[in-house]
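# Need a 3D model of the following:
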Amino acid sequence: MTDYDHDLTDCDMTDYDRDLTELYCVVRTVRTTRLNLDPCRKVSNVTLGMTDSVAETTLELDSHADTCVLGRHALITLDYNRPVSVMGYDASLGTHTYKTVSGVIAYTDPTTGRTLHLVINQAIHIPHLDHHLLCPMQCRVNDVTVDETPKFLATRPTEQTHALTVPDPDNPPQTISLPFMIRGVTSFLNVRTITSDEYYKAEIPCIHLTSETLTWDPQTTLYEESEAAMIDYSGDIARDVTVRGPSLVINELHSLTVNAVDITHDSNFHHVLESNVVISSLGSSLTGDMRSRKTAPIDSLTLAARWLISPERAKRTIQQTTQRGVRTCLNPTLSRRFPTNDRMLRYKRLPHPTFTDTMFAGTTSKRGNKCAQIYATSFGWARAHPMTRKGEAHETLSLVFHRDGVPPTMIFDGSKEQTTADFKRKLREADCHGRQTEPYSPWQQAAEGCIRELKRGTSRKMIKTGSPKTLWDHCLELEALRSARDHNDW
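Okay, here's the model as predicted:
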């Protein structure tokens, strides 16, 4: 101890001086310890230890997966009560049953530092998987642009090349791109899981990569038929005759009206059975690494056993209720996160596909209407909704859903008013699949023939009664209702 130290430890010093002395001794001890360390020490490796509640992982693009997959590093918000059977690339591995859920993961843009919450709906939850899989087709159905071509292989690379392009949640008319990274030959996004507290705050914008309401069925033939309709008889892309050049095509016409056939006759019965065969799933996976298969809905016998009621009462319950849009909150505190959209449950369902097209009038009506949106079926049911401009087509769609119901499929041509975001958004929210006819093929659109008959019937009745032309919209609505009544409506 030095003389200075001896002076500090004098018995006559005050409490304040004693505290300073203790602090000085601690500093000298720490300094001596640091000097005794190896001056050549260095850090060779840094490991970031994270818990399961907050972990970094990847969202990989997998075109072989027919449904998006969420692993264990995701915040699961909803359970659809729709288990699926998952089959791998090897049939000897067997099948496993997993839940269909909605989950949320966080993505941070490496260039701007902006954080987004990516919501993946109707995904398969595999709890032991360390990463997530993104099905490109399921995203494209939800109007998310998926570009899988790497920028170094693209002919004219842009910001949208090798990226997910989605509407900007803060500015919907604009779009933002989430660029993919490559590891080996796999494209992926670096993502992380989020806590429930972070999701509750709702300060970070959410982007829905897949639709929550439009039922996703990977075994449907809808996309196969839509793709086949985009080519002509020679295998070329269907274009305008002025672009493709003149060609001679023999079309075969069939009448929608046929004579009644006795299906109980031996020569006809097997044809009727073959025409009504529906294949729900295949037993083997020909291509790809993973394939899913939906389980059957709850039948009356299962419901009777669960609720301990009679089979007759269970059957009536199944008939009067719906299994569409079933959701289960996995965390009771997430009850306020349920979406407010209930179009797929609020409206009744129609049993037949519906066609729609826009009809234009040569005279402006008394109410200022210049056109009308026509909804029709192949057997003559029709509805007409006059409009002041063709951009109001999505508003008439809401009227049809409210007054008549939601069909399983809405078929329309490629016109702008029927392919806009509002029109397609309302179809998805009501769980109605939209199908687009082949370009320049009006014979595939049943609404074209309905418009012809509505114009003919409206003109005849207006001439017969002496109605002025400015009342054509009133007469058109009445003619559509009359035609539906004549065909017994539905």
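
# Quickly note the distance from residue 163 to residue 193.
Using Cβ to Cβ, to the nearest Å, residue 163 is found at 22 Å from residue 193. (Each C-beta comes from the backbone N, C-alpha and C, glycine too.)

# Quick check: which element contains residue 116?
For residue 116, the host element (DSSP states H and E) is strand 115-125.

# residue nearest the centroid of this protein?
In the chain, the residue lying closest to the centroid (Cα atoms, centre = their mean) is residue 211, at 2.1 Å.

# Provide the backbone phi and psi angles at it.
phi -80, psi 140 (degrees, to the nearest 10).

# thinking it is in contact with residue 141, fair?
Yes: applying Cβ atoms under 8 Å as the test, residue 211 and residue 141 come out as touching, 6.6 Å apart.

# Quick one: the helices in the stretch 1-150 of the chain, in order.
Using DSSP state H, counting those that start in this stretch, the helices of the stretch 1-150 of the chain run over 3-8, 15-35, 136-141.

# just for the chain, where's the confidence low?
Within the chain, the segments meeting pLDDT under 70 span 1-54, 232-233, 238-296, 322-345, 484-490.

# Sort out which residues of the longest strand along it are buried, please.
Counting by DSSP state E, the longest strand found in the chain is strand 95-108. For strand 95-108, the neighbour count (16 or more other Cβ atoms under 10 Å) marks 98, 99, 100, 101, 102, 103, 104, 105, 106, 107 as buried.

# what does stretch 181-188 give?
Using 16+ other Cβ under 10 Å as the test for burial, stretch 181-188 gives 187, 188.

# Export that stretch to CSV, keeping only CA atoms.
The C-alpha trace of stretch 181-188 is given here as CSV (Å, rounded to 0.1, in the frame of the first residue of the first chain):
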residue,chain,number,x,y,z
MET,A,181,-32.0,-14.7,-52.3
ILE,A,182,-30.4,-17.9,-53.6
ARG,A,183,-28.8,-20.7,-51.7
GLY,A,184,-27.6,-23.4,-54.0
VAL,A,185,-30.5,-23.5,-56.4
THR,A,186,-33.3,-22.6,-53.9
SER,A,187,-34.8,-19.1,-53.9
PHE,A,188,-35.8,-17.9,-50.4
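
# Where do the domain boundaries of this structure fall?
What automatic domain parsing lists as the domains of the chain is 3-32, 56-208, 354-486.

# Could you dump the ones you listed into CSV with distance to residue 314 added?
Listed next are these as CSV, based on distance: least, Cβ to Cβ, whole Å:
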stretch, distance to residue 314
domain 3-32, 77
domain 56-208, 17
domain 354-486, 25
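
# can you give me the helices for the stretch 251-400 of the chain?
266-275, 300-307, 311-320, 343-346, 393-403.

# Past the longest one, which element shows up next along the chain?
Using DSSP H and E, the helix or strand that directly follows helix 393-403 along the chain is strand 409-412.

# Okay, angle between whichever helix or strand comes after that following strand and helix 393-403 too, please.
Tracing the chain past strand 409-412, the next element assigned as helix or strand by DSSP H and E is helix 421-429. Interaxial angle, helix 421-429 versus helix 393-403 (axes from the mean of the first three to the mean of the last three Cα atoms, to 10 degrees): 30 degrees.
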